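Engineer: Sequence first, predicted model second:
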Amino acid sequence: MSSVDKSLFADLQARGLVAQTTGAGEFERYLDEARTLYCGFDPTANSLHIGSLVPLLTLKRFQLAGHKPIALVGGATGLIGDPSFKAQERSLNSREVVAEWVDCLKRQVSQFVDFDCGGKSAELVNNLDWVGSMDVLTFLRDVGKHFSINNMINKESVKQRIEREGEGISYTEFSYMILQSLDFAELYKRYNCTLQIGGSDQWGNITGGVDLVRRLHGGTAHGLTLPLVTKADGTKFGKTESGTIWLDPARTSPYAFYQFWLNTADADVYKFLRYFTFLGVEDIEGIEAGDKASQEKPKAQSILAKEVTRLVHGATGLEAAERITQALFESSLGALTEADLQQLKLDGLPSSSLRRGELAEKPLTQLLAEVGVAASGKQVKDALGRQAVTINGEAKSLDDNMRTEACFSPDAAYFGRYFLVKVGKKKYHLVDVK
RNA sequence: GCAGGGGUUCCCGAGUGGCCAAAGGGAUCAGACUGUAAAUCUGACGCGCGAGCUUCGGUGGUUCGAAUCCACCCCCCUGCACCA
């Protein structure tokens, strides 16, 4: 008999993690007993990004409180595409590609929950297992019959697609909700799963499932949605100039990941600590109070970066990220040893190796753009004009543009071959010239 | 199938024969100020160090000159018809 932590719901609320729940006031009492819950993740890429972090961590919070989590990977739903609050119809991915992504997500999702802890061990399922084998007639007669088009059309999540001039929605995407509802009913049957969690954009799909569980199995199921993560300045959370922040270290290095969190705005950081870490709410309030009281740079960002990086990339990933950060931002570049430089490369600092012969022909603008420190030569030019390009600590100017070879002269190299190129205040790139 | 409305540079969105690499806003990048914040101000923002080059769904055409005009084609949306 595993005990359940009855303060879970209050904690979620204190963290601001509760957007909506079913069952009005009953919901908190419902969690007094050990439940089985699930959350779905659709394979829309070969990696999840930090947008999925909130539900992922919430599954873990439930597990820590004594509930049994199920992570569902949408091998079937990923073939359809969720229309919820999407402005446009999306193009379909091939079955092979989706199957590959399913495998990637399975691995990723697995690292967040515990699969070996007795009764509350997590499960990993793929909805293709039951949707893939269902025939059309069964689907239409046994499942479709329970859905009212009138009802579905009125869902807020598809309203703009239906009402907005110039856009539409295909039957394929419109059916997405039914598939997701079917998942819930299936998991109810298989695991007595009675709770689904998801982003607030999933509310319509979740309540659809709750209804289907009742109609198909006469059971009572619940739903909980998590808030959409927003930033105080109104820009989209989880994107930077270099694109999406992925959970896969091959796509976003632990260093870049760490830097992303370190750059969180003050206006958001305490909220993010509540969302993305397992630090107690009281501790977080303590940090906030401490930062407010002191006139110095707040501590919250570094705590956030540290905690989240460790959750996603483990102690080793965090160590690497901190090592690079310290080398680049805190100590002087000249203090780095050759081993340090090599380690930085291994740790995921962007780097490239060039042959000395390649340097002669190219202007800096072209070289640095090719290497990926800047999006285009124009940006390099702009930076050069403002003394914002630094090679091994030495600022370069527009005059140096055509003197690439001199900029990378062996005399200036660290250990005869390494150059740390900095463009702007934060972007570093290690060039290894052989 | 018919009728009508659309497809512009990352996004939104102006532009209907030269003054258009294309208004404006957003996003993004760089600088100043800072704390590797925010706000603000400045600059950049198709590609190219540059001369210059390549764009406005596609292909042809008219014209000295086209994102803008014409023809055909592709795609999207709305309505009607067909089907049921």
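Structural biologist: Received the coordinates, thanks.
Engineer: Where does pLDDT dip in the stretch 1-150 of chain A?
Structural biologist: Along the stretch 1-150 of chain A, segments meeting pLDDT under 70 span A:1-2, A:87-88, A:90-91.
Engineer: Quick check: residues of it near RNA strand B?
Structural biologist: Contacts of the stretch 1-150 of chain A with RNA strand B, taken as CB under 7 Å from any atom of the strand, map to A:Glu89. Every residue, glycine included, has its C-beta placed from N, CA and C.
Engineer: Could I get the average pLDDT for stretch A:416-423?
Structural biologist: Averaged over stretch A:416-423, pLDDT sits at 92.
Engineer: Just checking it against RNA strand B, any contact.
Structural biologist: Yes - contact of stretch A:416-423 with RNA strand B (CB under 7 Å from any atom of the strand) involves A:Val423.
Engineer: Grab the CA positions of that stretch and hand them over as PDB.
Structural biologist: What follows is stretch A:416-423 as a C-alpha-only set of coordinates in PDB (Å, rounded to 0.1, in the frame of the first residue of the first chain):
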ATOM      1  CA  GLY A 416      49.800  27.200 -32.000                       C
ATOM      2  CA  ARG A 417      46.300  26.300 -33.300                       C
ATOM      3  CA  TYR A 418      43.400  27.400 -31.200                       C
ATOM      4  CA  PHE A 419      41.400  30.600 -31.700                       C
ATOM      5  CA  LEU A 420      38.400  31.700 -29.600                       C
ATOM      6  CA  VAL A 421      36.300  33.900 -31.800                       C
ATOM      7  CA  LYS A 422      33.700  36.000 -30.100                       C
ATOM      8  CA  VAL A 423      31.000  37.800 -31.900                       C
END
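Engineer: Name the surrounding residues that touch that stretch.
Structural biologist: Stretch A:416-423 is contacted from outside by A:328, A:333, A:338, A:341, A:368, A:371, A:373-374, A:379-380, A:383, A:388-393, A:408, A:410, A:412-414, A:428-434, using CB atoms under 8 Å, 6 or more residues apart in numbering.
Engineer: same thing with stretch A:245-258?
Structural biologist: A:45-50, A:52-53, A:104, A:108, A:238-239, A:242, A:244, A:260, A:305-306, A:308-309, A:312-313, A:317-318, A:320-322, A:324-325, A:347-350.
Engineer: So which of those belong to helices?
Structural biologist: Mapping these onto helices (DSSP state H) picks out A:53, A:104, A:108, A:260, A:305-306, A:308-309, A:312-313, A:317-318, A:320-322, A:324-325.
Engineer: Can you tell me which of these are buried?
Structural biologist: A:53, A:104, A:108, A:260, A:305-306, A:308-309, A:312-313, A:317-318, A:320-322, A:324-325 (16 or more other CB atoms under 10 Å).
Engineer: A:Val431 in helix, strand or coil?
Structural biologist: Secondary structure, DSSP: H, G, I helix; E, B strand; the rest coil: A:Val431 is strand.
Engineer: nearest residue to it other than its sequence neighbours?
Structural biologist: Closest residue to A:Val431 apart from its sequence neighbours, by CB to CB, 6 or more residues apart in numbering: A:Phe419 at 4.4 Å.
Engineer: Could I get the phi/psi values of that neighbour?
Structural biologist: Main-chain dihedrals, A:Phe419, degrees, to the nearest 10: phi -130, psi 130.
Engineer: what's around it, how many residues?
Structural biologist: 19 (other CB atoms under 10 Å).
Engineer: For A:Arg274, see how far away it is.
Structural biologist: 42 Å (CB to CB, to the nearest Å).
Engineer: Show me where the stretch 301-434 of chain A has its helices.
Structural biologist: Using DSSP state H, counting those that start in this stretch, the helices of the stretch 301-434 of chain A run over A:338-346, A:356-359, A:364-371, A:377-385, A:404-407.
Engineer: what's the answer for the stretch 101-250 of chain A, then?
Structural biologist: Using DSSP H, counting those that start in this stretch, helices in the stretch 101-250 of chain A cover A:128-131, A:136-138, A:149-153, A:156-163, A:171-174, A:176-191, A:203-217.
Engineer: The ones you listed: lowest mean pLDDT?
Structural biologist: Here the helices of the stretch 101-250 of chain A differ in mean pLDDT, and the lowest is helix A:156-163 at a mean of 73.
Engineer: Just list what it packs against, helices and strands only.
Structural biologist: In terms of contacts (3 or more CB pairs under 8 Å, 6 or more residues apart in numbering; DSSP states H and E), helix A:156-163 is packed against helix A:203-217.
Engineer: Spatially nearest residue to the one residue in the stretch 251-400 of chain A that gets nearest to RNA strand B, not counting backbone neighbours?
Structural biologist: Closest contact between the stretch 251-400 of chain A and RNA strand B, by CB to the nearest atom of the strand, is at A:Gly377 (2.2 Å). Of all residues not flanking A:Gly377 in the chain, A:Thr365 sits nearest, at 3.6 Å (CB to CB, 6+ apart).
Engineer: hang on, that neighbour packs against A:Ala383?
Structural biologist: No - the criterion here is CB atoms under 8 Å, and A:Thr365 misses it with A:Ala383 at 9.4 Å.
Engineer: how deep is A:Ala99 tucked in, by neighbour count?
Structural biologist: Residues lying near A:Ala99 (other CB under 10 Å) number 16.
Engineer: Can you verify my assumption that it contacts A:Gly75?
Structural biologist: Yes - with contact defined as CB under 8 Å, A:Ala99 reaches A:Gly75; the gap is 6.8 Å.
Engineer: For the residue nearest the centre of chain A, give me its contacts.
Structural biologist: Closest residue to the average C-alpha location of chain A: A:Ile50 at 1.3 Å, with CA atoms, centre = their mean. With contacts defined as CB under 8 Å, 6+ apart, A:Ile50 is in contact with A:237-238, A:245-247, A:260.
Engineer: right, and out of those, which lies closest to A:Glu28?
Structural biologist: A:Phe237 (28.1 Å; CB to CB).
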